[in-house]
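> prediction below, plus the sequence it came from.
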Amino acid sequence: MNVYITSGTADYLMKFKEQHPEETLVLMNNNESAILVHETNGASLFNEPRKYEVIDSAGSLDQPGFSVFNNIPVTDEGRPLFENRFLNRPRLIENEPGFKAIRVLRPLSSNTYIVLTVWENEGAFENWQKSKAYDHAHKNRGTEAGIDNAKPHIFESASYVSKYYIGE
């Protein structure tokens, strides 16, 4: 499975989505920007997309809610360790109230992985961040066992988060 992402105005992206009702196209926007996410086993519909391979998933993206993109730049030598950690995660997030979907996306044309989660609403996401499951998932952060202290250092630069709303 692949995910392709493009940016544009919300109006343009909505029209594009309406022209391809047979495809899984998810319009996401916030106060600053809009993106269209195309999840498919086929080729991209976009001229110049950001390209990703899905390496882990649960749930469905194409439903209303609140999405969080955790963008994580990883070095070439760090990719196997990073992917191993996510492929062997405890999978507790799937049981959290308000959870709808997760995609761990391997970049095909950059160094930045994306951990995309979809929630019923922003409050459900914030509750996850305060939960025991979140603490468990991040229990090694800042310790010798944590991926952030791995040798060699696997992160190319600081991670950053993007948040969007998914409409009806």
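Received it, and whenever you're ready, just let me know what you need. Residues are numbered from 1 along each chain as shown.
> residue nearest the centroid of the protein?
Residue closest to the mean C-alpha point of the chain, counted by CA atoms, centre = their mean, is residue 116 at 1.7 Å.
> any stretches of the protein with poor pLDDT?
136-152 (pLDDT under 70).
> if we go to 50?
Residue ranges of the chain with pLDDT under 50: 146.
> what's next to the helix or strand containing residue 17, contact-wise?
Residue 17 belongs to helix 10-18 when assigned by DSSP states H and E. Helix 10-18 is contacted from outside by 6, 8, 25, 27, 29, 34-36, 45, using CB atoms under 8 Å, 6 or more residues apart in numbering. In short, each C-beta sits where N, CA and C put it, glycine included.
> turn those into a markdown table, columns for neighbour count.
What follows is the contacts of helix 10-18, written out as a markdown table (neighbours: other CB atoms under 10 Å):
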| residue | neighbour count |
| --- | --- |
| 6 | 20 |
| 8 | 16 |
| 25 | 24 |
| 27 | 20 |
| 29 | 17 |
| 34 | 18 |
| 35 | 20 |
| 36 | 24 |
| 45 | 17 |
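> which among these gets closest to residue 156?
When those are compared for distance to residue 156 (CB to CB), residue 35 wins out at 22.3 Å.
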